[in-house]
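A.B. asks: This is a predicted model, with the sequence first.
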Amino acid sequence: MTEMKPGCGVSLNDVRELIARSGYELVKEEDSSMQIKDLDSGVTLTAVLENDILFNTVACMTVPSSQITPEMMKLMLSADNGISTSAFQLYERDGKTTVTLSNFAKLQQMGADDEDDILSCLSYLIVDAMAARSLLQK
C-alpha cells in the first residue's frame with residue numbers, strides 16, 4: 001500500500017498526506033484508491049493512483065437510463081457547457097445510468113509542481129461537478 005509504483009516517484013501515501021493537510025477529508029481508503037470529501041462544497045470524489053497518474057472522478061447523478069435523452073447528451077458534449085477541465089462518462093447498470101466527471105494528473109516526484117497539479121485537479125473537478133449538477137438538472 002505504501003510502496004511506490006514502478007516508474008513513478010509517488011506513492012498513494014504521498015497523495016493522502018497532501019490531501020489531509022490541504023483541508024480535505026479522507027472518507028474511505030483502499031489499496032490504490034481513496035474517497036475524498038471537499039468540506040466547503042460537500043462534494044465527494046474518488047482518486048485512484050495508477051502508475052504515475054492520479055485519476056479523479058465524481059458522480060454527478062444517477063438516473064433511470066431512459067432519462068438520458070439526446071438533449072442531455074448534447075448538453076454534456078457542448079463546448080460551451082461551462083465544464084472546461086473535466087470529461088463526462090456514463091456508467092450503466094441495472095437500468096440506471098450514473099453520470100460522472102473525471103480528470104487526471106500525471107505525477108513525477110511529488111514535488112511542488114505535482115502537489116499543485118493534484119490540488120488544481122481536485123479543485124477544478126469540484127467546480128465542474130457543481131456546474132454539471134446544475135446543468136443536468138435543468
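C.D. replies: Everything's here; your move. Just so you know, these numbers come straight off a predicted model, no measurement behind them.

A.B. asks: got the contact list for the helix or strand containing residue 99?
C.D. replies: When elements are assigned from DSSP states H and E, residue 99 belongs to strand 96-106. Counting by Cβ atoms under 8 Å, 6 or more residues apart in numbering, the neighbours of strand 96-106 from elsewhere in the structure are 52-65, 67-68, 76, 83, 85-92, 114, 117-118, 120-121, 124-125, 128-129, 132, 136. Every residue, glycine included, has its C-beta placed from N, CA and C.

A.B. asks: rerun that using 6 Å as the cut-off
C.D. replies: Outside strand 96-106, the residues that touch it by Cβ atoms under 6 Å, 6 or more residues apart in numbering are 53-62, 64-65, 68, 85-91, 117-118, 121, 125, 128-129, 132.

A.B. asks: Can you flag which of the residues you listed belong to strands?
C.D. replies: In strands, judged by DSSP state E, the following of those are found: 53-62, 64, 87-91.

A.B. asks: in the chain, which spans are helices?
C.D. replies: Counting by DSSP state H, residue ranges of the helices within the chain are 12-21, 70-77, 112-136.

A.B. asks: about what we covered before: among the ones in strands among the contacts of strand 96-106, which ones are buried?
C.D. replies: Neighbour counting by 16 or more other Cβ atoms under 10 Å classes 54, 56, 57, 58, 59, 60, 88 among the ones in strands among the contacts of strand 96-106 as buried.
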